[in-house]
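Visitor: kindly generate the corresponding structure for this input.
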Amino acid sequence: MLLVVLIALNAFAGSRHKPGGTLSIALVSPAAAVDPSSADAPVDAFRLSLTHQPICKLVEFSRPGPQTLRMSANVDPKLILEALTHGGTLGAQLGAATVTGRDIDVALKSPAPEIEKTLCHPAFSVPVAPFKTNGNKLEALIDQPLGRPYLDAITLTATDARGAERFFAQRRVQAVAGSSNSTGAPQLFVTALLLGPDSAHLRSAIESGIDREQLARMFVPAPSSPLHGLLPDSAAIAPSAKPKPLETPKELTLLFDEGAEHEKALAQRLQVKLQPFGYRVALKPVARAELKKSPPSANEFALRSFALPPSSSGALLAWLQMSGQGARAAALLWQLDAIPKELAVQLAKELPVIPLVTRGLGVTVTNDVQHLTYDAMGLPRFDDVFLGAE
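Guide: Coordinates of the predicted model:
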C-alpha cells in the first residue's frame, strides 16, 4: 500500500511544471516598437496584453442592485478608476463610481447585462501585468496579483510573415504571433469603411460591388472572416441593388492606415471595383493617429480598423464611437441592452459605415510550448504557458 502511495506522489510531482525558461516569439509586425495603446490591430493588442491586463481580469464582479456594478479589485482601486476613463463611448453605460476599501461601486445608466464582457476590451487596460519590459526582453513579475507566470522571460522579434516563417523553421523562435494559423478563437478586430457626407450612391456601389468572402480570403491575412453586419454573428444581408454609373465621373480619395498592409490591399481592390460605377479613386496612406482625428470630408472615405468588445451592446457602442456618433449612445442605452441584434440592423442602415472583414491573431508554436490559452478578445495568453519536453 505504501509503495502505491509513493508511486502516486512521484507521478504527481513529475506532472507539475516548474517555473522557468525564456520563450522567443516572432511578431508579424511592421516595426520593432509600436505604441500599443490604441490596440486597433491584433498584434498590437497582443503586445499590450503582455504588459497590461483588462479590468475584467483584475476584479471580481457582482451586482448588489439592478443599477449597480460592484468590482472587488485585486489591485489598487485607483488604477481601475483611471482605466474606466479610457474607454470613451464604450463606457457610456457607466456612471459615477464610489470606492469602499477594495470595492468599487459603479452606477449603471441602463441594466447593462454584458458590461462585464465589455470591460475585457483593451481600451480598459491597467498597467498591471505578468511581464515587465527590460530592453528587448519581457521579464516575469514575481509579485503581482494574478501570480507569477511560469516563464522567466519572453523575447520579441518583429519581422514580416516570411521572416517569421523562416525563423520558426530554423528553430530560432518557438512561437509566431501573426501567423496564418486559424485557432478557432473569436475574431474581434474589424476593418470597415467610414463614409463621408452625401454618400448614398457610393454606399450602394460598394455594397453591390464587393464580395466580402473574397476580400477576407484573398486580401486579408488569415485568420479572417467576412463581416456582413455590425455584429460578428450577423447573418448575411442581401446586396444592394446595383446603381447606375455616374453620368459624370467623380473623383474620390480613399484614406487608409499607412502601416496596415491589409488596408492597402483592400484599398487597391476597392479602387478597381468602384471604377465601373464612375468613381476615380485616389489612394492616400495616412498615419493611424491622423486618420482618427476627424471623419472623412466631402469627396473622401476611409478604411478604419478597430477592436470590438466581446459583447453585443459593447460592439454597437464601438461602432458609434468609430463613426463619430458617440453622442447618440445615451439615447440608445436601453435599446442596446434589450434588442442588440435588431438595433444592429437599424444602425447599419443609419451609420455612415460599411463593415468588411474581421481579423484574429494566428499563432503557431513548437510542441514544447504547452498550455496556450486564449482570452475573451481571442488573444493568446502566454502567462500560463510552460515549456515542456517536445
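
Visitor: who's in contact with the residue nearest the centre of the chain?
Guide: Centroid-nearest residue in the chain, with Cα atoms, centre = their mean: Ala307, separated by 3.6 Å. Counting by Cβ atoms under 8 Å, 6 or more residues apart in numbering, Ala307 makes contact with 39-40, 45, 121-123, 188-190, 318, 377. Backbone N, C-alpha and C define where each C-beta goes, glycine included.

Visitor: make TSV out of the residues you listed and add distance to Leu215.
Guide: Shown next, in TSV, are the contacts of Ala307 (distance: Cβ to Cβ, whole Å):
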residue	distance to Leu215
Ala39	23
Asp40	18
Ala45	22
His121	25
Pro122	24
Ala123	26
Leu188	18
Phe189	15
Val190	13
Ala318	20
Met377	22
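
Visitor: which of these ranks first by neighbour count?
Guide: Most neighbours among the contacts of Ala307, by other Cβ atoms under 10 Å: His121, with 29 neighbours.

Visitor: mind listing what it touches?
Guide: Taking Cβ under 8 Å, 6+ apart, one finds 54, 87, 90, 307-310, 314, 318, 377 in contact with His121.

Visitor: then Ala389?
Guide: Taking Cβ under 8 Å, 6+ apart, one finds Asp368 in contact with Ala389.

Visitor: partners of the residue lying closest to the residue nearest to the centre of the chain once chain neighbours are set aside in the sheet?
Guide: Ranked by Cβ to Cβ, 6 or more residues apart in numbering and with sequence neighbours excluded, the top spatial neighbour of Ala307 is Phe189, at 5.3 Å. With DSSP bridges as the criterion, Phe189 is bridged to Ala307, Arg359.

Visitor: so Phe189 touches Asp40, yeah?
Guide: Yes - between Phe189 and Asp40 a contact is recorded at 7.4 Å, counting by Cβ atoms under 8 Å.

Visitor: helix, strand, or coil at Ile104?
Guide: Secondary structure, DSSP: H, G, I helix; E, B strand; the rest coil: Ile104 is strand.

Visitor: chain neighbours aside, what residue packs nearest to it?
Guide: Met71 (4.5 Å).

Visitor: would you confirm that the one you found belongs to a strand?
Guide: Yes - the assignment for Met71 by three-state DSSP puts it in a strand.

Visitor: number of nearby residues for it?
Guide: Neighbour count for Met71, taken as other Cβ under 10 Å: 25.

Visitor: swap in the one 10 residues further on?
Guide: A count of nearby residues for Leu81, using other Cβ under 10 Å, gives 15.

Visitor: over to Leu84?
Guide: 18.

Visitor: and this structure, what are its domains?
Guide: Using automatic domain parsing, the domains assigned to the chain come out as 19-52+129-184+361-387, 57-116, 189-359.

Visitor: how long is the last one end to end?
Guide: This points to domain 189-359. Terminal residues of domain 189-359 are spaced 5 Å apart (Cα to Cα, to the nearest Å).

Visitor: kindly report the same for the second one.
Guide: End-to-end distance of domain 57-116 (Cα to Cα): 10 Å.

Visitor: what about that domain, distance to the chain center?
Guide: 21 Å (Cα atoms, centre = their mean, to the nearest Å).

Visitor: then the last one?
Guide: With Cα atoms, centre = their mean as the basis, domain 189-359 stands 16 Å off its chain's centre.

Visitor: circling back to that earlier point, residues contacting the residue nearest to Ala307?
Guide: Per Cβ under 8 Å, 6+ apart, neighbours of Phe189: 40-42, 45, 305-308, 358-361.

Visitor: hmm, back to that, for the residue nearest to the centre of the chain, give its distance to Leu379.
Guide: Distance from Ala307 to Leu379, counting by Cβ to Cβ, to the nearest Å: 10 Å.

Visitor: shared neighbours of the two, anything?
Guide: Joint contacts of Ala307 and Leu379 (Cβ under 8 Å, 6+ apart) are Ala45.
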